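**Q** Starting from these lines, generate the structure:
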Amino acid sequence: MNPTRRDLAAAAVATIAAASVQGQPSQAQPSQAQSSQPVRNVVLVHGAFADGSGWRGVHDQLTARGYRVSIVQNPLTSLADDVAATRRVLDRQDGPTILVGHSWGGTVITEAGNHPKVAGLVYVSALSPDAGETTAQQYNGFTTPPEFVIDVQPDGFGFIRPENFKPGFAADASDADAAFMRDAQVPIAMAAFSTKLT
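**A** Presented below is the predicted three-dimensional model:
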């Protein structure tokens with residue numbers, strides 16, 4: 001059986017969690033008790049045009065391995081709002097935590113990753129702008145596939161065009177899963193992509 005992206009993501013998170021006790025970020029010095037704790041907490045952060053339900057398969061695999069998994073529901077209204085939602089979930093963790101982001105979620109974890117409970121960051125096909133950069137700058141030099149079409153509404157929020165959703169956004173999902181994701185997609189404030197990280 002070939003491993004799926006979900007299998008690979010779960011394996012990567014578990015591997016990094018097992019190895020990250022010594023990898024605490026320098027700006028977030030944990031207490032002595034916390035630094036000796038094994039990492040058993042994982043916080044998953046979804047990308048744009050989606051919600052946390054896309055992490056279901058990774059959640060199920062990690063919880064089956066004994067990890068405590070929490071999933072952030074980004075409002076996708078601004079980078080600041082998504083970072084605040086992530087920090088609220090991090091505040092509730094009972095020890096060191098691996099913070100995982102997919103796509104836009106990579107931008108969010110980059111900004112939220114200096115939380116004192118974060119023991120490590122995992123980027124799953126994710127963006128990682130540097131301080132002073134924007135998410136939009138991560139796309140410089142790349143040609144957008146013709147199947148990926150964003151319809152921007154008058155209020156500045158964007159949806160992926162429904163008829164292009166599966167080929168442009170969920171090509172590796174089953175038809176049923178892609179249809180559900182299309183119908184459940186969460187629009188993002190397009191201005192979020194132009195927000196500089198601090």
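**Q** how about the helices in this protein?
**A** 5-19, 32-35, 56-64, 79-91, 104-112, 165-169, 175-184 (DSSP state H).
**Q** mind showing which ranges of the chain have poor pLDDT?
**A** Low-confidence segments of the chain, defined by pLDDT under 70: 1-12, 14-36.
**Q** what's the single longest strand in it?
**A** Taking DSSP state E as the criterion, the chain has its longest strand at strand 118-126.
**Q** just to revisit the earlier point, which one of the helices of the chain lies closest to Gly120?
**A** Ranking these by proximity to Gly120 (C-beta to C-beta) places helix 5-19 first, at 5.3 Å. All C-beta atoms are positioned from the backbone trio N, CA, C, and that covers glycine.
**Q** show me the contacts for Met190.
**A** Shown in contact with Met190 (C-beta atoms under 8 Å, 6 or more residues apart in numbering): 150, 152, 156-158.
**Q** any idea which of the residues you listed has the most stuff around it?
**A** Neighbour counts for the contacts of Met190 peak at Gly158, which has 20 neighbours (criterion: other C-beta atoms under 10 Å).
**Q** where does that residue sit relative to Val149, distance-wise?
**A** 10 Å (C-beta to C-beta, to the nearest Å).
**Q** sorry, back to before: spatially, which two of the contacts of Met190 are the most separated?
**A** So, the contacts of Met190 by C-beta to C-beta: farthest apart are Ile150 and Gly156, at 11.6 Å.
**Q** Around Arg56, how many other residues sit close by?
**A** 13.
**Q** From Asp183, how far out is it?
**A** Plainly put, Arg56 is 16 Å away from Asp183 if you go by C-beta to C-beta.
**Q** Hmm, Gly101 and Val108 touching each other?
**A** Yes. Under the criterion of C-beta atoms under 8 Å, Val108 makes contact with Gly101 at 5.8 Å.
**Q** what is in contact with those two at once?
**A** With C-beta under 8 Å, 6+ apart, Val108 and Gly101 have common neighbours Val45.
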